[in-house]
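Enquirer: Everything below, folded, please.
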Amino acid sequence: MFLETVNNYCLAKKGVEATFPFDEETLVWKVMGKMFCLGDVHAFNSITLKCDPEESIRLQANYENIKPGYHMNKKLWITIELDGLPIDFVFSLIDTSYELVVRKLPLKDKHILQTL
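Expert: The predicted structure is shown next:
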C-alpha cells in the first residue's frame, strides 16, 4: 500500500522519474536527475528524504519514526518509518525534500522544470 501511494505522489510532481540506479531493490525518485526520495521496493516500510539539518534534528527529537538517513549523509537526509505516521505528514516531508532539491538545481534545469 505504501509503495503505490508514495510512488503515485512522487510521480505526480513536475520533472520526476522513478529509477533503480543502485540495484534492483532501491527505488529512487529524482527531480531533473537529482534524488529526493528513496525506498526499498521489497520491504517498503520506510523512505529516505532530503531534509534541512536543523529541521532534521527537530523531527528526530519529536518523532521516534524519524531517524538519520540510512546509508546517507546524516545531516542532510532522514529515514522515515511509514507505519504509524499520518500520510499527509509523510506527503509534507516529501514536498519539503522535493523543494530542497529543486532549490539547488542549476538555473537551466529550473527553467526546464517551470515549462513542464
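Enquirer: So what touches whatever helix or strand residue 80 lives in?
Expert: Using DSSP states H and E, residue 80 maps to strand 77-81. Residues from elsewhere that reach strand 77-81 (C-beta atoms under 8 Å, 6 or more residues apart in numbering): 45-51, 56, 59-60, 65-70, 72, 90, 93. C-beta coordinates here come from the backbone N, C-alpha and C atoms, glycine included.
Enquirer: repeat that with 6 Å
Expert: 46-51, 56, 65-67, 69-70 (C-beta atoms under 6 Å, 6 or more residues apart in numbering).
Enquirer: Sheet-wise, list the partners of it with their directions.
Expert: strand 46-50 (antiparallel), strand 66-68 (antiparallel) (DSSP bridges).
Enquirer: and the first one, what's its mean pLDDT?
Expert: Strand 46-50 shows a mean pLDDT of 97.
Enquirer: I'd like the distance from stretch 90-109 to the chain centre, please.
Expert: 9 Å (C-alpha atoms, centre = their mean, to the nearest Å).
Enquirer: Give the buried residues for that stretch.
Expert: Of the residues in stretch 90-109, 90, 93-94, 96-98, 100-102, 105, 109 count as buried by neighbour count, 16 or more other C-beta atoms under 10 Å.
Enquirer: List every C-alpha atom in it, with coordinates, as PDB.
Expert: Output in PDB follows, covering the C-alpha atoms of stretch 90-109 (Å, rounded to 0.1, in the frame of the first residue of the first chain):
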ATOM      1  CA  VAL A  90       4.600  12.000   5.100                       C
ATOM      2  CA  PHE A  91       3.500  13.900   2.000                       C
ATOM      3  CA  SER A  92       4.600  17.200   3.500                       C
ATOM      4  CA  LEU A  93       8.000  15.700   4.200                       C
ATOM      5  CA  ILE A  94       8.200  14.500   0.600                       C
ATOM      6  CA  ASP A  95       7.200  18.000  -0.600                       C
ATOM      7  CA  THR A  96      10.000  19.600   1.500                       C
ATOM      8  CA  SER A  97      12.600  17.100   0.200                       C
ATOM      9  CA  TYR A  98      11.500  17.800  -3.400                       C
ATOM     10  CA  GLU A  99      11.600  21.600  -2.800                       C
ATOM     11  CA  LEU A 100      15.100  21.400  -1.200                       C
ATOM     12  CA  VAL A 101      16.400  19.600  -4.300                       C
ATOM     13  CA  VAL A 102      14.700  21.900  -6.800                       C
ATOM     14  CA  ARG A 103      16.200  25.000  -5.000                       C
ATOM     15  CA  LYS A 104      19.700  23.600  -5.600                       C
ATOM     16  CA  LEU A 105      19.100  22.800  -9.300                       C
ATOM     17  CA  PRO A 106      21.100  24.800 -11.900                       C
ATOM     18  CA  LEU A 107      19.200  27.700 -13.500                       C
ATOM     19  CA  LYS A 108      18.900  25.800 -16.800                       C
ATOM     20  CA  ASP A 109      17.200  22.900 -15.100                       C
END
